[in-house]
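Chemist: Got a sequence here, can you model it:
(chains A, B, C and D)
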There are 2 protein chains.
Amino acid sequence: MNASEQRGRKPRADVQRNRAALVETAQRHFLQYGVGTSLEAVAKEAGVGPGTLYRHFPTREALLAAVLQTRSEELVARQADIEQLGDAGEALEQWLRAMEEYFSAFSGLPDPLMAAARAQEPDNPLTIPCEIFITVTDKYVAAAQLAGHVRASVRGYDLFLAACSIAWITGNGAEEESLDRLRTLIASGYRERNTQA
Amino acid sequence: MNASEQRGRKPRADVQRNRAALVETAQRHFLQYGVGTSLEAVAKEAGVGPGTLYRHFPTREALLAAVLQTRSEELVARQADIEQLGDAGEALEQWLRAMEEYFSAFSGLPDPLMAAARAQEPDNPLTIPCEIFITVTDKYVAAAQLAGHVRASVRGYDLFLAACSIAWITGNGAEEESLDRLRTLIASGYRERNTQA
DNA sequence: ACCTGAACACCGTTCAAGT
DNA sequence: ACCTGAACACCGTTCAAGT
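Modeler: Residues are numbered from 1 along each chain as shown, chains lettered A, B, ... in the order given. Predicted structure coming up:
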């Protein structure tokens, strides 16, 4: 959002180009070096001065939010697939995996996400996505509880935290086997003890 | 460890003083600003040049390990208390809490710990402490399994990861209530389903 | 043997000057 | 209206010169 867009006019062509180049380059650098990567390097490789980067994205979180936005279609598609599932317990599990993968996209991403989920600062551009994640998780949890698959005491926020944790561990280079063990342990924690099968 | 100590001689008085001042100051700064705090500021407040800090502690991890060392007596005392407990399940729980608290001492501490636990670099001064943590956790897990309190599939490493995660969430400012809910969920995950009480 | 602190490199961030 | 890039501040790290 810049001045032109605020007034409903079409942004200048070079503005659009700069913004797109910044987001595209940032995504590559985030993928390769993590969310703490040098913004100076991003600006340089995108062919703009550092001032242009800061004009478009006043904070690192703003740039991060823009990059995550471009990755969210994939997640919406996953949700559509999940809705097709008959089993609410299976749906919740797949949604948790989808969140984990999304949060594991860049190393270091879980930290700003957690920070945004905690403090309700309206100026943090990651706050809204986080709230959406928590709300959607709540929905899947409620459905799975209705179907008797998940214990009544579990909240969506708890499993959001769990997904963030798994993504954090992933970003620190844990082996897939360790992650699977921890996922199983957590699933045993939230699943309803079946009073016989 | 410096040249004097390597030869078994007594280190010069100013060397001891510098080292102690660095560790003490670093602990205060880690507590207040997290493990990413400025080492330059630590050196300045400890009254030494940056070169002296780097001579004593070639990496941030080395300084961190020295600070953690001074906090480990407390943990050993906790272990002694825990040994007194009759219930192996209770002992495991208390040990997990002790680890969590230890890992939560400084914000940002779980990251270098996880990195050290993962890669077996012998030059990382946090690797040995991590291995000890995992081994001790294994011991408590084994005892709790023998007593029938913990599921056979659980490993100490899994619960070490869980403790790191809780500490990471804590460092990101989560509310105590959220932490308690997640602890309960994890405990439900590793505890044996009692075939009647 | 150890310490000092200047020096270099790198990065985040701002802002006066341009187009 | 937007961009440029110099400028400033801050920090990590090294190393030649001192004691």
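Chemist: Now do stretch A:63-72: everything it contacts.
Modeler: Counting by CB atoms under 8 Å, 6 or more residues apart in numbering or on different chains, the neighbours of stretch A:63-72 from elsewhere in the structure are A:22-23, A:26-27, A:30, A:35, A:39, A:42, A:53, A:56-57, A:102, A:105, A:109, A:112, A:125-126, A:129. Where C-beta positions appear, they are placed from N, C-alpha and C, glycine not excepted.
Chemist: Quickly find the element holding the closest residue to DNA strand C within chain A.
Modeler: In chain A, the residue that lies nearest DNA strand C is A:Gly51 (2.8 Å; CB to the nearest atom of the strand). Under the criterion of DSSP states H and E, A:Gly51 resides in helix A:50-56.
Chemist: Quick check: the gap between A:Leu185 and A:Ala142.
Modeler: 23 Å (CB to CB, to the nearest Å).
Chemist: Spatially nearest residue to A:Glu175, not counting backbone neighbours?
Modeler: B:Arg118 (8.0 Å; CB to CB, 6 or more residues apart in numbering or on different chains).
Chemist: My understanding was that the one you found contacts A:Asn172; is that so?
Modeler: Yes: the pair formed by B:Arg118 and A:Asn172 meets the contact definition of CB atoms under 8 Å, at 6.4 Å.
Chemist: Looking at those two, which one has more neighbours?
Modeler: Set B:Arg118 next to A:Asn172 and count neighbours by other CB atoms under 10 Å in any protein chain shown: A:Asn172 wins out with 23 against 16.
Chemist: Could you check which helix or strand contains the closest residue to that one other than its chain neighbours?
Modeler: Beyond its immediate neighbours in the sequence, the residue positioned closest to A:Asn172 (CB to CB, 6+ apart) is B:Met114, lying 4.0 Å away. For B:Met114, the element it lies in under DSSP H and E is helix B:110-118.
Chemist: which residues make contact with stretch A:121-138 from outside it?
Modeler: By CB under 8 Å, 6+ apart, stretch A:121-138 touches A:59, A:61-62, A:64-65, A:68, A:72, A:79, A:95-96, A:99, A:112-113, A:115-117, A:119-120, A:155-157, A:159-160, A:163.
Chemist: switch the cut-off to 7 Å
Modeler: Residues from elsewhere that reach stretch A:121-138, judged by CB atoms under 7 Å, 6 or more residues apart in numbering or on different chains: A:61-62, A:64-65, A:68, A:95, A:99, A:112-113, A:116-117, A:120, A:156-157, A:159-160.
Chemist: for the record, mean pLDDT for that stretch?
Modeler: The pLDDT scores in stretch A:121-138 average 93.
Chemist: before we move on, what about stretch A:24-43?
Modeler: In this model, stretch A:24-43 has a mean pLDDT of 97.
Chemist: State the number of residues packed around whatever residue of chain A ends up closest to DNA strand D.
Modeler: Among residues of chain A, the one nearest DNA strand D by CB to the nearest atom of the strand turns out to be A:Gly51. It sits 2.0 Å away. Counted by other CB under 10 Å, the residues lying close to A:Gly51 total 9.
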